[in-house]
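>>> show me how the following folds:
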Amino acid sequence: MKIIILLCNWLIIGLSFIFINYLKRETFILSSSYTKLLFAFYLSWLAVAYITKKFQTWYFKGFFQILYREFLSIIYLLMIIAFIVVIFNLTAFSRSQIIGTCFLIFISELTMTTLFYILNKSNKITSNKNERFHESQVFSYNPITLTIDFFLLVFAIFITNYFINGSFLLSEHFYELTGMIGLLWLMTGIFTGKFSNKHHRNVWYAWSPVIKSILLMASGLAFSIFSFRLFHFSRFEIFGSLAVLGISETFILFSYYFIFKKKSRIADVETISEVRDRISSNNKIADETCYKKSSFEEYIKTNLEDNSIQSVSDLINFISNIPEIAEFKKEDSSILDTNNIFNLKNIKEHSLKMFVNLHKVNDFQQLNKYFLEVYRRLKPGGFFLGKVVTNTSYKNEFFQKYPKYIAEVFYTFHFIFRRVLPKLPVLKNIINTITNKTNRMLSKAETLGRLYFCGYKVVGVTEIDGNLFFMAQKVNIPSLDKNPSYGLIIKLKRIGLDGKVFNLYKCRTMHPYSEFLQEYIYEQNKLLESGKILNDFRITSWGKVFRKFWIDELPQIVNYLKGDLNIIGVRALSKHYFSLYPEYVQKLRIKCKNGLIPPYYADMPKNFDEIIESEERYLYKKLKNPILTDIIYFFRAMNNIVLKKARSM
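Numbers count the residues shown, from 1 in each chain. Now for the predicted structure:
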């Protein structure tokens, strides 16, 4: 059905465009310029479908919900096309061609929507009752904000006029444009809440309506210019006033916040440099106390049903099957559904044996800080039940809703916008303002790694209705590591010569915070014969490519230049992996430097025991005759790597 809907929409756009072209020019053959315009229609349609989540509405219950989304998408499509025409000064395109095509698309899609709804009405298309399709808002405004912004608008208009005409006196030519700008300023200000009395959390949240208003004004102005053929205005006249207005509003807004507002920004505790201040010194490592009383499971079940959680029985079974959990008293636990960290402030510290939050952790702006706040409210050995929508779940959702190739495009765009751009210094604040830092992309490995980083042990995970639920127990002191893996180049703690710990440089091939999951992965997945972790979900798709061609090893050249590594030597190991070796091999290992090329490639052992034997033989030979041993092992390794295509599994 989804493929049929998409194909129908695709055909509707093409046929509508060609039909209007026929009415206009009496030919079905498109000129080269109008072929490019049709291509622009298709690209804009894809963008609008993603922005409005247009095809998701086919699964809503109400016909008017579908109709509203169709109307919204066609308005966006028309405004984007008009903006392209004006910004690139494509004055030769016909208004009837563009507006007529959009109108015909809307009528055709409306007809198709009606037929689809009638044919499927008996199937009772359902929607999530928590889905708020449209929320009406009462217009409220701050007269001071409205007045200041009005004077900024006047200032922007006169400044732009001065740059164009060399005078502050408005010409008759400029009055038409001024009227349109003023009307759009008022409409977009009301629509975005720019003039409202709303208290914003910080300057970026206050800036969001300003940016949205300017973008809507630019699109609306472009549509007006195109519709009424007002191309006698230059693009500087059209968008100059908006640029000056946006810059002025931004300057006033930021000045106000930085001068009159106290800075209350608290960064995510990515490095936990302040963890000693956040965690009380009297916190103890978990004791294994089992808490008594029997009504807890029924209490959990009632609250889950009250919060409209699907598959309640699956979640109850998940909780019941975790052996570490005993039953708790009602007063020992708290169940919330919130993404506001301040809602935890009312809970007394070290008072809970079970904390449940049914809201996905993707919507928390400061995830580590949230985990630590929960940590502080738990008693030693207390449990934390939460959920996350992982990257994999988001990807599966895209591929369920769209055909493969369209899903690939949409998901790639979604991943770049939600995951890549927020990491870039220049774009980070802009993207976070637009998204309100919600729906952040999180992998299973990063979420669980952050939990271990913040002092928890994960005792259970399960996937229910596309959500990954986790049960974590407060058992450790939060990590004091100031450099958890997050960027492309990472520093990993490794045991080197004389047992000293050094930082090994590598390209990150795993999800962030994966290094804190080594013990968990080993317990859950065990080892392959080669000594590698079985089904290691921490490795990213591009990380597998990096490992195949040794790209991830290149930064270790820095360790070689610093003297941490030799060319040939045993592989540098983490503390956990090092602990798996027999004690006598551990003592032997720390007598020699680690190396870039391990003896693994010379001997090609088939399992973990053979790896230990291979390293043991190499180390004894190395201690007796270091130079000759390294030369022999180097050429043996090169023979296997170059001629036999040997790779580390």
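>>> pLDDT wise, what is K593 at?
Note for K593: predicted pLDDT of 94.
>>> that one reaches D564, doesn't it?
Yes. Contact criterion C-beta atoms under 8 Å: K593 and D564 qualify, at 7.4 Å. Glycine gets a C-beta too; all of them are placed from N, C-alpha and C.
>>> mutual contacts of these two, please.
G496 (C-beta atoms under 8 Å, 6 or more residues apart in numbering).
>>> is it true that S479 touches Y456?
No. With contact defined as C-beta under 8 Å, S479 does not reach Y456; the gap is 10.8 Å.
>>> so those two - more neighbours on which side?
Y456 (26 against 16; other C-beta atoms under 10 Å).
>>> please name the nearest non-neighbouring residue to the more buried one.
A472 (3.8 Å; C-beta to C-beta, 6 or more residues apart in numbering).
>>> so the one you found is in which element?
Assigned by DSSP states H and E, A472 belongs to strand 467-474.
>>> which elements pack onto that strand?
For strand 467-474, the elements it packs on are helix 312-320, strand 378-388, helix 444-453, strand 456-464, judged by 3 or more C-beta pairs under 8 Å, 6 or more residues apart in numbering; DSSP states H and E.
>>> parallel or antiparallel, which strands does the helix or strand following the first one pair with?
Think helix 312-320. Using DSSP H and E, the next helix or strand after helix 312-320 towards the C-terminus is strand 333-336. If you go by DSSP bridges, strand 333-336 pairs up with strand 352-360 (parallel).
>>> now the partner strand against strand 378-388, angle please.
Put simply, strand 352-360 runs at 20 degrees to strand 378-388, going by axes from the mean of the first three to the mean of the last three C-alpha atoms, to 10 degrees.
>>> chain center to strand 352-360: distance?
23 Å (C-alpha atoms, centre = their mean, to the nearest Å).
>>> can you check stretch 477-493 too?
20 Å.
>>> now do the buried residues in it.
478-479, 481, 484-485, 490-491 (16 or more other C-beta atoms under 10 Å).
>>> which of those residues sits closest to Y620?
K491 (31.2 Å; C-beta to C-beta).
>>> quick one: that closest one and R508, what's the gap?
According to C-beta to C-beta, to the nearest Å, K491 and R508 sit 10 Å apart.
>>> one more: G487?
Where R508 is concerned, G487 sits at a distance of 7 Å (C-beta to C-beta).
>>> now whichever strand or helix holds I612: mean pLDDT?
Secondary structure assignment for I612, by DSSP H and E: helix 608-624. Mean per-residue pLDDT for helix 608-624: 93.
>>> tell me the spacing between the residue nearest to Y456 and Y522.
Taken as C-beta to C-beta, the span from A472 to Y522 is 18 Å.
>>> cool, E397 as well?
E397 is 31 Å from Y522, by C-beta to C-beta.
>>> filter the buried residues of stretch 477-493 down to the ones in helices?
Among those, DSSP state H puts none in helices.
>>> just the residues you listed now: which is nearest N503?
K491 (4.0 Å).
>>> my guess is that closest one contacts C507. True?
No. Under the criterion of C-beta under 8 Å, K491 makes no contact with C507, lying 11.6 Å away.
>>> you'd agree Y581 is up against R589?
Yes. With contact defined as C-beta under 8 Å, Y581 and R589 form a contacting pair (7.0 Å).
>>> state the distance from F260 to L253.
In terms of C-beta to C-beta, F260 sits 11 Å off from L253.
>>> neighbour-wise, which of the two wins?
Neighbour totals were compared for F260 and L253, and L253 leads with 17 against 7 (other C-beta under 10 Å).
>>> run the chain-centre distance for the strand or helix carrying the more buried one.
Taking DSSP H and E as the criterion, the element that holds L253 is helix 235-260. Computed by C-alpha atoms, centre = their mean, the chain-centroid distance of helix 235-260 equals 29 Å.
>>> which elements pack onto it?
Contacts defined by 3+ C-beta pairs under 8 Å, 6+ apart place helix 235-260 against helix 63-87, helix 143-165, helix 172-192, helix 203-227.
>>> not counting the third one itself, show me its contacts.
By that I understand helix 172-192. 139, 141, 146, 149, 153, 157, 161, 164-165, 170, 194-195, 209, 212-213, 216-217, 220-221, 224, 230, 232-233, 237-238, 241-242, 245.
>>> pull the number of nearby residues for K593.
K593 has 20 nearby residues by other C-beta under 10 Å.
>>> what does the one 5 residues further on give?
Neighbour count of P598, defined by other C-beta under 10 Å: 21.
>>> and it, how far from L245?
In terms of C-beta to C-beta, P598 sits 62 Å off from L245.
>>> still on that earlier bit, state the mean pLDDT of the helix holding L253.
What helix 235-260 shows for mean pLDDT is 85.
>>> and Q365, helix, strand or coil?
Assigned with DSSP: H, G, I helix; E, B strand; the rest coil, Q365 falls in the coil class.
>>> over to the nearest residue to it once chain neighbours are set aside. Which of the three states is it?
Spatial nearest neighbour of Q365, chain neighbours left out: K437 (4.2 Å); criterion: C-beta to C-beta, 6+ apart. Under three-state DSSP, the three-state class of K437 is coil.
>>> any idea how far Q366 is from K437?
Note on K437: its distance to Q366, by C-beta to C-beta, is 9 Å.
>>> again, but for L421
19 Å.
>>> re earlier: out of K437 and Q366, which sits in the busier spot?
Legend: neighbour count by other C-beta under 10 Å for K437 and Q366, higher for K437 (20 against 17).
>>> what does the helix or strand containing K24 rub up against?
Taking DSSP H and E as the criterion, K24 maps to helix 2-25. The contact list for helix 2-25 (C-beta under 8 Å, 6+ apart) reads 27-28, 30, 34, 37-38, 41-42, 45, 55, 58, 94, 96-97, 100-101, 104-105, 108-109, 112, 116, 401-403, 406.
>>> please repeat the previous calculation with a cut-off of 7 Å.
With contact meaning C-beta atoms under 7 Å, 6 or more residues apart in numbering, helix 2-25 is reached by 28, 30, 34, 38, 41-42, 45, 55, 58, 94, 96-97, 100-101, 104-105, 108-109, 112, 401-403, 406.
>>> make a PyMOL selection of the buried ones in the residues you listed.
Command for PyMOL that selects the buried part of these, burial taken from 16+ other C-beta under 10 Å:
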select buried, resi 30+34+38+41+45+55+58+97+100+101+104+105+108+109+112+401+402+406
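>>> among the contacts of helix 2-25, which ones are in helices?
Within the contacts of helix 2-25, residues falling in helices by DSSP H are 34, 38, 41-42, 45, 96-97, 100-101, 104-105, 108-109, 112, 401, 406.
>>> in those, find the pair that's most separated.
So, these by C-beta to C-beta: farthest apart are S96 and K401, at 34.5 Å.
>>> in stretch 546-560, what's buried?
Buried residues in stretch 546-560 (16+ other C-beta under 10 Å): 546-547, 552-553, 555-556, 559.
>>> higher neighbour count, A472 and Y522?
A472 (27 against 16).
>>> now that one: how far from N436?
26 Å.
>>> repeat that for I107.
Counting by C-beta to C-beta, the gap from I107 to N436 is 36 Å.
>>> repeat that for F355.
24 Å.
>>> more neighbours, those two?
Legend: neighbour count by other C-beta under 10 Å for F355 and N436, higher for F355 (25 against 13).
>>> so Y581 and R589 - more neighbours on which side?
Neighbour totals were compared for Y581 and R589, and R589 leads with 23 against 18 (other C-beta under 10 Å).
>>> got the contact list for the residue nearest to the more buried one when sequence neighbours are not counted?
Leaving aside its chain neighbours, R589 sits nearest to V570 (5.9 Å; criterion: C-beta to C-beta, 6+ apart). V570 makes contact with 589, 592, 594-595, 598-599, 615, 618-619, according to C-beta under 7 Å, 6+ apart.
>>> any low-confidence regions in the stretch 101-250 of the chain?
120-140, 173, 199-202 (pLDDT under 70).
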